[in-house]
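Participant: kindly return the folded structure for what I paste below:
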Amino acid sequence: MLANERVLIGPFSQILSLSNLALTGPLSDHQLEVINEGGVIVAGQVIERVDLWSELKVYAQKEGIKIHRVEDVFAQLGKPCPKHLTLTPGLVDAHTHICYAGSRARDYADRLNGVSYETISARGGGICDTMQHTRKASEDELFELNIQRVRQHLARGVTTVEIKSGYGLSVADELKQLRVIKKLSEAGLSKVISSCLAAHVLPPEFKDTSVARHEEYLSIILNELLPIVKKEKLAQRVDAFVEPSAFPVSIARSYLKSAQKMGFDLCVHADQFSRGGAKLAAELGAKSADHLEASTSQDLQALKAGNVTAVALPGASIGLGIPYTPAREALDLGLSLAIASDWNPGSAPMGHLLMQASILGAAEKLSAAEVWAGISSRAAHALSLTNVGQLKSGFIADMIAFPCDDYREILYHQGMLQPSLVWTQGDLHDL
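Facilitator: Just a heads-up that it's a prediction; the model follows:
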């Protein structure tokens, strides 16, 4: 769409705007704004107005605004037009690891046979196996693998995606990953948010897992990697996997504080297998604490006091066969809850955000409003984004349309109902 072009798109049987929902605490479905027989006026990349089709049509004719009826949009794509369409904001996936090469199908088969995640990692599988494949891949090869994943996510309705490094685990290879992520952002398919996860696990070059070796590795990251990340604007966020088997709280604290002093925002892999990470995230004022499967009420209360967004990752729970994040309790305690896919080659290879969010909603007794907020406005909040995740005047025109006449059908089908139309920044994609 041209920068100054104004277009009315519709009519849609329903528009689920997800606008003006509280960022914290429980939500009920009656708080959702649902517009029946509605339309959207888009001006360039931005939403100008969301309202009833009948009113917008008169306004558009008066103002000389182009009118794109949905049947004409489908004709442009050479596809049949569904009888009904429900429009929602594009989905926001606030936690992924999709910048990788290789497969961990063997690890998955071993887990099905009862081998633990920690045992697989200790014998050279897990994250270090992906590291080896990612290091071997060229920057161009890594880009081609990952642009396919971005396209796949887009086809499922994800228009904003956070992508972490963390499979390079050396200065050169972390930079390679982060530069690929930057290229993915510049490709313009989706909005991409980059996070530096060099503190994922201790790389195999540091075979002695003593405190001194952990600190030596993190010193290299702080002094050699992060200054380049800052200079080249490769990421504004720094993450760390806080676990005894990765980076214990006592070691992670100093690293994260130093990154924070350098001007980076913090997010933390917290309480996936053991406690400690959530309280550290709260102590440091991290933007989010992600995982939280092992968190207690005390940990969640600390996050609330620290104004930290809780990010549930149901894909990891499904992939590892472990409990879900206590999402219901987190909301009832007044936290902001985002839901993300954790798409990665090991513990969460499915990567289907809508399916995972639907399943978590059923397991944790979340309302439709809470699930939708978790993959839209609250996920955007976890990423410090203020202009995506809602169909609202002034927001980016990231929109998806599902072939149904009732928004409740979407979660009901648990991810099997795919979007028929996807727009990012006002541009229609032929998927």
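Participant: contacts, neighbours, all on C-alpha from now
Facilitator: OK.
Participant: stretch 327-339: which residues count as buried?
Facilitator: With burial defined by 16 or more other Cα atoms under 10 Å, the residues of stretch 327-339 counted as buried are 327-331, 333-339.
Participant: what of stretch 33-42?
Facilitator: Buried residues in stretch 33-42 (16+ other Cα under 10 Å): 34-42.
Participant: and the contacts of it?
Facilitator: Residues from elsewhere that reach stretch 33-42, judged by Cα atoms under 8 Å, 6 or more residues apart in numbering: 5-19, 47-54, 56, 397, 426.
Participant: now those residues: which count as buried?
Facilitator: Using 16+ other Cα under 10 Å, the buried ones in those are 6-19, 47-53, 56, 397, 426.
Participant: narrow these to those in strands?
Facilitator: Among those, the residues falling in strands (DSSP state E) are 6-16, 47-52.
Participant: three-state assignment of the closest residue to Trp53 other than its chain neighbours?
Facilitator: Closest residue in space to Trp53, ignoring its immediate chain neighbours: Gly38 at 4.4 Å, by Cα to Cα, 6 or more residues apart in numbering. Secondary structure for Gly38, judged by DSSP: H, G, I helix; E, B strand; the rest coil, is strand.
Participant: may I see the buried residues of stretch 234-254?
Facilitator: Buried residues in stretch 234-254, counted by 16+ other Cα under 10 Å: 234-235, 237-243, 246-249, 251-253.
Participant: same deal with stretch 391-403?
Facilitator: By neighbour count with 16+ other Cα under 10 Å, stretch 391-403 contains the buried residues 391-403.
Participant: first to last residue in it, what's the distance?
Facilitator: 18 Å (Cα to Cα, to the nearest Å).
Participant: and the contacts of it?
Facilitator: By Cα under 8 Å, 6+ apart, stretch 391-403 touches 16-19, 42, 45-50, 82-90, 157, 159, 387-389, 410, 417-426.
Participant: tell me how far it is from the chain's mean position?
Facilitator: Computed by Cα atoms, centre = their mean, to the nearest Å, the chain-centroid distance of stretch 391-403 equals 17 Å.
Participant: could you do stretch 111-120 as well?
Facilitator: Distance, stretch centre to chain centre, for stretch 111-120: 26 Å (Cα atoms, centre = their mean).
Participant: report the buried residues of it.
Facilitator: Buried residues in stretch 111-120 (16+ other Cα under 10 Å): 111, 117, 120.
Participant: pretty sure the last one contacts Ala109?
Facilitator: The reference is to Ile120. No - at 10.9 Å, Ile120 does not count as touching Ala109 under the criterion of Cα atoms under 8 Å.
Participant: the buried residues of stretch 111-120 into a markdown table, with extra columns for secondary structure?
Facilitator: Converted to a markdown table, the buried residues of stretch 111-120 look like this (three-state DSSP):
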| residue | secondary structure |
| --- | --- |
| Arg111 | helix |
| Tyr117 | helix |
| Ile120 | helix |
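Participant: C-terminal to the helix or strand hosting Ser194, what's the next element?
Facilitator: In this structure, Ser194 is located in strand 191-199 according to DSSP states H and E. Downstream of strand 191-199, the next assigned helix or strand under DSSP H and E is helix 211-220.
Participant: residues making contact with the helix or strand of the chain with the lowest mean pLDDT?
Facilitator: Here the helix or strand of the chain ranked lowest by mean pLDDT, DSSP states H and E is helix 117-122, holding a mean of 80. The contact list for helix 117-122 (Cα under 8 Å, 6+ apart) reads 107, 110-111, 126-128, 245, 320.
Participant: mind running it again at 10 Å?
Facilitator: Applying Cα atoms under 10 Å, 6 or more residues apart in numbering, the contact partners of helix 117-122 are 106-108, 110-111, 116, 125-129, 201, 245, 273, 320, 346-347.
Participant: kindly export that helix (C-alpha atoms) in CSV.
Facilitator: The C-alpha coordinates for helix 117-122 follow below in CSV (Å, rounded to 0.1, in the frame of the first residue of the first chain):
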residue,chain,number,x,y,z
TYR,A,117,15.9,-33.3,29.1
GLU,A,118,18.9,-32.9,31.5
THR,A,119,20.3,-36.3,30.6
ILE,A,120,20.1,-35.7,26.9
SER,A,121,21.9,-32.4,27.3
ALA,A,122,24.6,-33.9,29.5
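Participant: next SSE downstream of that helix?
Facilitator: Following helix 117-122 in sequence order, the next helix or strand is helix 127-136 (DSSP H and E).
Participant: buried residues, that following helix. List them.
Facilitator: So, applying 16+ other Cα under 10 Å, buried residues of helix 127-136: 127-135.
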